[in-house]
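>>> Provided below are the primary sequence and the corresponding predicted coordinates.
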Amino acid sequence: MVSAVYVCLQTTRRRLMRSASTRALAAMVLLCAATVVPCLSAEPETGLEAITRPSDKRTLSFVRPGLIMELNVKKGDKVTMKQIVALQDDREEQQMLAASKEESEDETEIDAEKAVQAADKAEYERKRDTRGVGASEVREAELKVTVDEARIKLAIFKKKQAAYKYAQNKAIVEKLKLVTPIEGLVSETYMKAGEATDGQNMKVLDVVQIDPLWVEVPVPILQARKLNDGDAASVRFSDGKSRTGKIVLKSVVADPAAGTITMRVAVPNPEKLEPGEPVRVTFPQAAVAGAAPAGR
C-alpha cells in the first residue's frame, strides 16, 4: 500500500512541476505526503492496554472523635511501617494510664495482709501449744489465720484487676495514635492539626504503596487459559521502556461480555513512577504456547 501511494505522489509531482504557477501547490502536497507516508509505514501498537495502580492503599482513620494534636506528615511524604503519623489529645488518658500503672505495681496491701497473717499465725501456734488455753480460743485464733489467708488472696486479686485496668488504659492511649500499617507514600490528607474528628469525619490520610505497581489486564480467554500465577509479563510504559513483571493473580471468573479474564501483574517500581499511567502488556508464555499475538 505504501508503494502505491509513493508512485501516485511521484506522478502528481511531475504533473504539478510542469507549470511554475503550480509549484507552490506541489510543495504543499509533498509536505502533506511526508507526514502521511511514515504513518502508513509505522508498526502497529502491540500489547494489551491497561492502567497502572498502587499495589496497596490504606485510608487511616481515628476510631473515636477527638482533637488532633499532631499531624506529622504531608501529602507526598514517604512513611515507614508502624510510623506514628498523627496523635489525638491524650492528656486525660495519660493521667489515667499513669494512675493505673502505679496501682497495678503496688503491693502494699498484699504485704500488709501477709504481715497480719504472720502475727495471727504465731498467736495461734502459741495458744495451741499453751496449757490452760481453752479449745474455743484456739479455734478462734485458727479462724483468724484462715481469714487472713482469704484477705491475702483478695489483695492479690485486686492487684490483678489493677493490672487489667492498666492494660485497658494503655490500649486506649494507643488508639489515640494513628500508625501506618504499610510502607509507602502519603497520597492525600483530609485533616489538619487543631481540627477535631467526629462521627461524620474520621478519615485523616491515605497511604499508597507503589513499589511494586499493579496492572489489571483483561486478557482474551483463549490467551488467558495458557497463563498462570508466576508467569512473566512485559509491561511497556509511556517512556518507551519495557519492565518485566509477573502475574500475581488470575481471576477465576471470565467477563462474558468482553470475552476476557483479568490478570493482575506486579511490576517492580524502584523509580517510583506515578500510578495511573497507560501501559501495554504482553505475555511471552502465551505467545510461545501458540496463543494469538497480543494486539492482533
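Received the coordinates, thanks.

>>> Quick one: the strands in the stretch 101-250 of the chain, in order.
Taking DSSP state E, counting those that start in this stretch to define them, one finds strands in the stretch 101-250 of the chain at 177-179, 184-189, 196-197, 203-220, 232-236, 242-250.

>>> mind listing what the fourth one pairs with, with the direction of each?
Yep, that's strand 203-220 we're talking about. strand 48-61 (antiparallel), strand 184-189 (antiparallel), strand 260-267 (antiparallel) (DSSP bridges).

>>> Can I get those strands in CSV including mean pLDDT?
Listed next are the strands paired with strand 203-220 as CSV, based on pLDDT from 0 to 100:
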stretch, mean pLDDT
strand 48-61, 96
strand 184-189, 96
strand 260-267, 97
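
>>> Return the most buried member of those strands.
Of the strands paired with strand 203-220, the one with the most neighbours on average (mean count of other Cβ atoms under 10 Å) is strand 260-267, at a mean of 21. Heads up, the C-betas are built off the backbone N, CA and C, glycines and all.

>>> chain center to it, what's the gap?
Centroid separation for strand 260-267 versus its chain: 20 Å, with Cα atoms, centre = their mean, to the nearest Å.

>>> Run through who's touching that strand.
Residues from elsewhere that reach strand 260-267 (Cβ atoms under 8 Å, 6 or more residues apart in numbering): 50, 52, 55, 212-221, 224-225, 227, 233, 235, 243-251, 253-255, 281, 283.

>>> swap in stretch 119-138?
By Cβ under 8 Å, 6+ apart, stretch 119-138 touches Ala141, Glu142, Lys144, Val145, Asp148.

>>> wait, the last one sits on Gln117?
Yes - under the criterion of Cβ atoms under 8 Å, Asp148 makes contact with Gln117 at 3.4 Å.

>>> How many residues are close by Val63?
Per other Cβ atoms under 10 Å, the neighbour tally for Val63 reads 11.

>>> how about the helices of the chain, start to end?
2-17, 23-41, 91-105, 108-128, 135-175, 221-224, 284-288 (DSSP state H).

>>> which one in this protein is furthest away from the centre?
Going by Cα atoms, centre = their mean, the residue of the chain most distant from its centre is Gly132, 80.6 Å out.

>>> any weak-confidence spans in the stretch 101-250 of the chain?
Across the stretch 101-250 of the chain, nothing is flagged by pLDDT under 70.

>>> OK, contacts around Phe237?
Here Phe237 is in contact with Arg243, Leu273, Glu277, Val279 (Cβ under 8 Å, 6+ apart).

>>> 10 Å instead, please
Thr52, Leu213, Arg243, Val267, Asn269, Glu271, Leu273, Glu277, Pro278, Val279, Arg280 (Cβ atoms under 10 Å, 6 or more residues apart in numbering).

>>> before we move on, back to that, would you list the phi and psi of the residue farthest from the centre of the chain?
With angles defined as degrees, to the nearest 10, Gly132 sits at phi 90, psi -10.

>>> Use 32 as the first number from now on
Renumbered: residue one is now 32, and that last one reads Gly163.

>>> For it, give its distance to Glu173.
Shown here: Gly163 relative to Glu173, a distance of 17 Å by Cβ to Cβ, to the nearest Å.

>>> One more: Lys190?
27 Å.

>>> cool, and Gly107?
Counting by Cβ to Cβ, the gap from Gly107 to Glu173 is 76 Å.

>>> quick one: which of these two has more around it?
Glu173 (17 against 9).

>>> which ones are touching the more buried one?
With Cβ under 10 Å, 6+ apart, Glu173 has these contacts: Asp151, Lys152, Glu154, Tyr155, Glu156, Lys158, Arg159.

>>> one more time with 8 Å, if that's ok
Glu173 neighbours (Cβ under 8 Å, 6+ apart): Tyr155, Arg159.

>>> Ile213 versus that one, what's the distance?
In terms of Cβ to Cβ, Glu173 sits 64 Å off from Ile213.

>>> same check, this time on Glu308
Separation of Glu308 from Ile213 (Cβ to Cβ) stands at 21 Å.

>>> Identify the residue nearest Arg89 in space, chain neighbours excluded?
Of all residues not flanking Arg89 in the chain, Val238 sits nearest, at 5.0 Å (Cβ to Cβ, 6 or more residues apart in numbering).

>>> Specify the beta-bridge partners of the one you found.
Arg89, Val217.

>>> hmm, back to that, buried subset of the contacts of strand 291-298?
Neighbour counting with 16 or more other Cβ atoms under 10 Å marks 81, 83, 86, 243-246, 248-251, 255, 258, 264, 266, 274, 276, 278, 281, 285, 312, 314 as buried within the contacts of strand 291-298.

>>> thinking again about what came up before, Met233 is nearest to which of the strands paired with strand 234-251?
Smallest distance to Met233 across the strands paired with strand 234-251 (Cβ to Cβ): 4.3 Å, for strand 79-92.
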